[in-house]
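[1] based on what follows, work out the 3D shape:
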Amino acid sequence: MQRDDSQRKLAMTNLSSDGKPTLKTIAHLSGLAVPTVSRALSDAPDIGADTKKLIRKIADEIGYVPNRAGVRLRTGRTNVISLVMSTEHDLMSHTARLIASVAGGLRHTPFHLIVTPFFPDQDPMDPVRYIVETGSADAVILNQIQPNDPRVAYLMERNFPFATHGRTIWSGKHPYYDFDNKAFGVIAVQQLAARGRKNIFVIAPPGSQNYAQHIIAGVRESGQANGVEVKIADGITSDTPSAEAVEHVRKALKDQPKIDAIVTASTSSAMAAVAAIEQHGAQVGQEVDVFSKEAMPFLKLFRADILTIAEQVNSAGDFLARAAIQAIRRPEDPPMQELEVPSQDAG
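    Okay, here's the model as predicted:
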């Protein structure tokens, strides 16, 4: 039970040499032993949820911040998880929300999030090697996953904890959260076919990324099943800069006047498709449909007739945070894995 104000004031005299609250301060305020306080702040499984809640509440109230150097000396851990991301990733769809949701998943745990960027002209292996070789984090979270991702192979070889936003060919062996992009492709074509569309133009993700292959497999399978012609855009992807994408789609509409629907894999490419359709003199939802997935409910505000399926990036980030923590603490357990199945109904 938490002590009264006089005891609180007395406990606050038990500070470190630089005047900061210590584990002993929290122990005095909570009436618990210092080892119990330490284990509660470390989220130890043998400490009850109510005790952890009390300890964290006191720690927040008095402004307790663990000494990171001391934690590392005692446990060998940094209490840091690094989210490794490209600087060119699309901020309108996944990146900002993924960062926020991973951070939210680490809230009320002893772990802190850092974002480690890599640049378009840089080897994506560089930040991963740096983290592993310097021990600057206890685990990493990766996205933009390739089927034979060398980063994943490297981390598995070194038994370094990690989780991926997306699947590799080794997904049975490591933690991941993924959106079922093949199902998205199937649903997109099914629903467009139900609207009478016969010629669908697909702006897929970059071919090096695993989810591009899943989307392409889904739209092709569904196109064949529904008697719909499906053409994959050649020369642009869902990550192509908007101005370039607009010009490419506008030319495709001019050269292939039978196109009556466009499937995209990102918010920015959906907006580019809309701009191209309107420059072509057509109207979204009338002559040409646009069907896209999105991480934030934005596209309907941009054009009400865009067809969308939501990808729950908030759920992804929270899951990946927990999966990374499990990989750190209980590497012998089966890896946490989740495949998000999209809704059958487009918004």
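
[2] burial count for the residue nearest to S82 when sequence neighbours are not counted?
    Spatial nearest neighbour of S82, chain neighbours left out: A137 (4.0 Å); criterion: CB to CB, 6 or more residues apart in numbering. Backbone N, C-alpha and C define where each C-beta goes, glycine included. The number of residues packed near A137 is 28, by other CB atoms under 10 Å.

[3] next: K182.
    Counted by other CB under 10 Å, the residues lying close to K182 total 19.

[4] let me know the secondary structure of it.
    Following DSSP: H, G, I helix; E, B strand; the rest coil, K182 is assigned to helix.

[5] wait, it touches V219, no?
    No. At 9.0 Å, K182 does not count as touching V219 under the criterion of CB atoms under 8 Å.

[6] touching stretch 103-119 from outside, list them.
    Under the contact criterion CB atoms under 8 Å, 6 or more residues apart in numbering, stretch 103-119 has outside partners 41-43, 56, 66, 71, 79-88, 99, 102, 124, 126-127, 130-131, 137-138, 140, 314, 317-322, 325.

[7] now for G104, how many residues are close by?
    By other CB under 10 Å, 14 other residues sit near G104.

[8] surely it forms part of a helix?
    Yes. G104: assigned to a helix according to three-state DSSP.

[9] OK, contacts around the residue nearest to the spatial centre of the chain?
    For the chain, the residue nearest the mean C-alpha position is L98 (4.0 Å; CA atoms, centre = their mean). Going by CB under 8 Å, 6+ apart, L98 touches L83, M85, N143, H165, V313, A316, G317.

[10] please redo it, this time with the cut-off set to 6 Å
    V313, G317 (CB atoms under 6 Å, 6 or more residues apart in numbering).

[11] which ones are touching L299?
    When contacts are counted by CB under 6 Å, 6+ apart, L299 is found next to A270, I306, T308.

[12] how about the last one: which residues does it bridge to?
    Beta bridges link T308 to S292 when assigned by DSSP bridges.

[13] that one contacts E294, correct?
    Yes. With contact defined as CB atoms under 6 Å, T308 counts as touching E294 (5.4 Å).

[14] burial measure for D46, as a count.
    If you count neighbours by other CB under 10 Å, D46 ends up with 7.

[15] from K52, how far off is it?
    According to CB to CB, to the nearest Å, D46 and K52 sit 11 Å apart.

[16] same check on E287?
    58 Å.

[17] more neighbours, the two?
    Each of E287 and K52 has its neighbours counted (other CB under 10 Å); K52 has more, 18 against 15.

[18] name the element the residue nearest to the centre of the chain belongs to?
    Here L98 sits within helix 95-106, counting by DSSP states H and E.

[19] mind saving the C-alpha coords of that helix as PDB?
    Extracted in PDB, the C-alpha atoms of helix 95-106 (Å, rounded to 0.1, in the frame of the first residue of the first chain):
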ATOM      1  CA  THR A  95       5.800   5.000 -41.500                       C
ATOM      2  CA  ALA A  96       4.400   7.500 -39.000                       C
ATOM      3  CA  ARG A  97       1.700   5.200 -37.800                       C
ATOM      4  CA  LEU A  98       4.000   2.300 -37.500                       C
ATOM      5  CA  ILE A  99       6.500   4.300 -35.400                       C
ATOM      6  CA  ALA A 100       3.600   5.500 -33.100                       C
ATOM      7  CA  SER A 101       2.100   2.100 -32.700                       C
ATOM      8  CA  VAL A 102       5.400   0.400 -31.900                       C
ATOM      9  CA  ALA A 103       6.100   3.100 -29.300                       C
ATOM     10  CA  GLY A 104       2.600   2.500 -27.900                       C
ATOM     11  CA  GLY A 105       3.300  -1.200 -27.600                       C
ATOM     12  CA  LEU A 106       6.400  -0.500 -25.600                       C
END
